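Visitor: Give me a 3D structure for the following:
(chains A and B)
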Amino acid sequence: MPTETAVVPARSLRRFMFDWKDILFRAALPVLAMLAALLIGAVMLLLLKVNPFTAYAALINGALGSTYSITQSLVKATPLLLVGLGICIAFRASVLNIGGEGQIIVGALMATWFSLQFRAWPGWLLVPATVTMSFVAGAAWGFVPGILKARLSVNEILSTIMMNAIALQLMNLLLRGPLMDPGGITAGTFLAQSERLPEQVWLPRLVPQTMLHAGAIIAVVLAVAVYIFLWRTTIGYRIRAVGLNPHAARYAGINVPFYQALSLTLAGGFAGLAGAVEVIGVHHRLLEGITSGYGFTGIVAALFGGLHPLGAIPASYLFGSLLVGADKMQRAVQVPSALVDTIMGLVVLFVVGSALLSRRWAARRLAAAAKGQEVK
Amino acid sequence: MENIFSIAVIVGILTSAIRLAAPYLFASIGESFAQLSGVVNLGVDGIMLVGAYAAFFVALNTGNLWLGVLAALIVGLLMGLLMSVISVTLKAEQGISGIGLYMFGLGLSSLLFKVTIGTVKTVNGFRPIKIPLLGDIPILGEILFQHNVLVYLAFLLVPAAWWVLEKTTWGLRIKAAGQNPAAADSLGVNVDRVRYVSVCLGAMLAGLAGASLSISLVNLFQENLTAGAGFIAVALVYFGGWRPVGILGGALLFSTVNAFQLWMQVLGVNIPSDVAVMLPYLLTIAALAVTMNRAHQPAGLNLPFERGES
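Guide: Purely as a prediction, here's the structure:
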């Protein structure tokens, strides 16, 4: 039984924990899942009488073909990583936050409203204040399902999905009302978008002539911070303990509902940040469709990265480039970008489906380590 | 502006409510079977989408609505098998696999729609059938007995589901697999098989729910046609306390709210449509929050069962 850890000799355990074979195995599973999903995608294309080689070649070329497409992949990877970091925190506590879309929206709404409201402020003050307010807004949107789960054991998957729909309607309402661009009203176009944000709140561009902005660096720094938070602080330890075994955590005196609500709140905050960087880093205004499905793709990226903040970095880049490639593929060879959404759904299914294999693998290795044998 | 409380409008709202309840009923009753057997299938919305697409595509190309229904049932079954393999055989985390199934269904239905149909088209969906005698009752007849065949089927599903769950051995097996899989297993119930059958049955009904949207209610298909109705259907299972009658009550409550907000928009009542559209979602959260009656929640819900463990 995998639970008999008390008899494991310390040296064997260390070998068990820091073993390249183990890391390789854990990294190989998502890669295999991705390959399987791509293969099924190819079969579907064949059935639809589309040449899969043409489609995938256009996809890869679109994702990696030029400096611009690579920077564009990083632009899309940034919100994915931010959402994914929140997903790592929540899923580590066994709280399934599907509310990324709504949390991105309220983060973006807050960034827009706040930077327009305080447009007289200098950039060094306005940028951090806007970003912080977006985090708070997203966190509030995560707090509602969090507290409902903690107090009334409301299924957080359902409540976060409902919060997505509510946020979407809220954005539509505000974009057609108080937040609508006054320029569009005087010009008579009535576009559902906000006024352009004051220039001092725009995030600096990292590469000239591209959209790549400083938010990418912020996201990577935050990934390291979340890693430290989850693995080097008491609160992070408790969050993970709640996720690993809520009964044991409760027995150890950890307030399980509190940490579940906390993790959902933090997850919302990170998704709110994603909304902020989209507004102040990419579009410089709020538009319809601001989320681009990042709330869902961020889940895929986080799962793909093994729910590890550092694993989420390459995973976000991978899925960012898939999204960029999908757009290009749609334009170049007229294969709908929905193909990539389908593939991402399959990746999720295969990654969670392969968890049994990795559990059995871990159990076998732990059992072997307990006997003090060399693990083969 | 017409008076929203005139008899004609109230009859209109209630008639719409009965019609709008059909997809919720199919999907929720189906989901309740899966959940009673111990599997939370959160992919209902994705299954509804591919079911709606399949039914629409077949009906559009053959002109035969029943072939469309059959297509929806078949793709529902396939999606159910996929969900079962992942969450029953491979014992995966059910919440995440359901979301994966949803994303897969959403993507697949959009992909197929764009490649095979492309633009928004319409079909002549199922026509209302006035039931003789009953349909002639003033007001009540108009509200209840002048609907199309899928709506009648959806309502007949409620007593049928009750009968299967309460009066048959299969119902007992389903509930045993969800309540105490280890005990059921020791009594010779093949838990995995019962869960496969329940999830697949639920998925077929979800496919039918999709068909009841695309070839009976709105008679068209577009990307993300369901707009989250599948998730509301899952919520209704909790709301209904895992009992067919409770689900019927929940479905009617939701469809009435939905019909009310649609009619308010039609009549031009002065509230923003965004707020009106928000109502069902707000109601879902409120309903989940006040549903304190968890007495009927299957004890083994959401727990993968592995022989020889626990």
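Visitor: Going by C-alpha atoms from here, please, whenever you check contacts or count neighbours.
Guide: Fine.
Visitor: Get me the contact residues on the stretch 1-150 of chain B for chain A.
Guide: The stretch 1-150 of chain B comes close to chain A at residues B:86-87, B:90-93, B:95-97, B:99-108, B:110-111, B:114-115, as judged by C-alpha under 8 Å from any C-alpha of the partner chain.
Visitor: again, 6 Å this time
Guide: Proximity of the stretch 1-150 of chain B to chain A is confined to B:Ile86, B:Leu90, B:Ala92, B:Ser97, B:Gly100, B:Met103, B:Phe104, B:Gly107, B:Leu108, B:Leu111 under the rule C-alpha under 6 Å from any C-alpha of the partner chain.
Visitor: Identify the spatial nearest neighbour of the last one, chain neighbours not counted.
Guide: By that I understand B:Leu111. With C-alpha to C-alpha, 6 or more residues apart in numbering or on different chains as the criterion, B:Leu111 has its nearest non-adjacent residue at 5.0 Å, and that residue is A:Ala338.
Visitor: That neighbour and A:Gly293, how far apart?
Guide: 11 Å (C-alpha to C-alpha, to the nearest Å).
Visitor: before we move on, what about A:Gly183?
Guide: According to C-alpha to C-alpha, A:Gly183 and A:Gly293 sit 28 Å apart.
Visitor: Next: B:Pro132.
Guide: 49 Å.
Visitor: Settle it for me: which of these two has more neighbours?
Guide: A:Gly293 (14 against 11; other C-alpha atoms under 10 Å in any protein chain shown).
Visitor: what about the residue nearest to B:Asn41 when sequence neighbours are not counted, which helix or strand?
Guide: Leaving aside its sequence neighbours, B:Asn41 sits nearest to B:Gly98 (C-alpha to C-alpha, 6+ apart; 5.4 Å). For B:Gly98, the host element (DSSP states H and E) is helix B:94-116.
Visitor: what's that helix packed up against?
Guide: helix A:338-353, helix B:44-62 (3 or more C-alpha pairs under 6 Å, 6 or more residues apart in numbering or on different chains; DSSP states H and E).
Visitor: May I have it exported as CSV, CA atoms only?
Guide: Extracted in CSV, the C-alpha atoms of helix B:94-116 (Å, rounded to 0.1, in the frame of the first residue of the first chain):
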residue,chain,number,x,y,z
GLN,B,94,-14.5,13.4,-12.7
GLY,B,95,-14.8,17.2,-12.5
ILE,B,96,-11.8,17.9,-14.8
SER,B,97,-12.7,15.1,-17.2
GLY,B,98,-16.2,16.6,-17.5
ILE,B,99,-14.7,20.0,-18.4
GLY,B,100,-12.4,18.3,-20.9
LEU,B,101,-15.5,16.6,-22.5
TYR,B,102,-17.2,20.0,-22.5
MET,B,103,-14.3,21.6,-24.3
PHE,B,104,-14.1,18.7,-26.7
GLY,B,105,-17.8,18.9,-27.5
LEU,B,106,-17.8,22.7,-27.9
GLY,B,107,-14.8,22.6,-30.2
LEU,B,108,-16.0,19.6,-32.2
SER,B,109,-19.5,21.0,-32.8
SER,B,110,-18.0,24.4,-33.9
LEU,B,111,-15.5,22.7,-36.2
LEU,B,112,-18.1,20.4,-37.8
PHE,B,113,-20.5,23.3,-38.1
LYS,B,114,-18.0,25.5,-39.9
VAL,B,115,-16.8,22.8,-42.2
THR,B,116,-20.1,21.2,-43.1
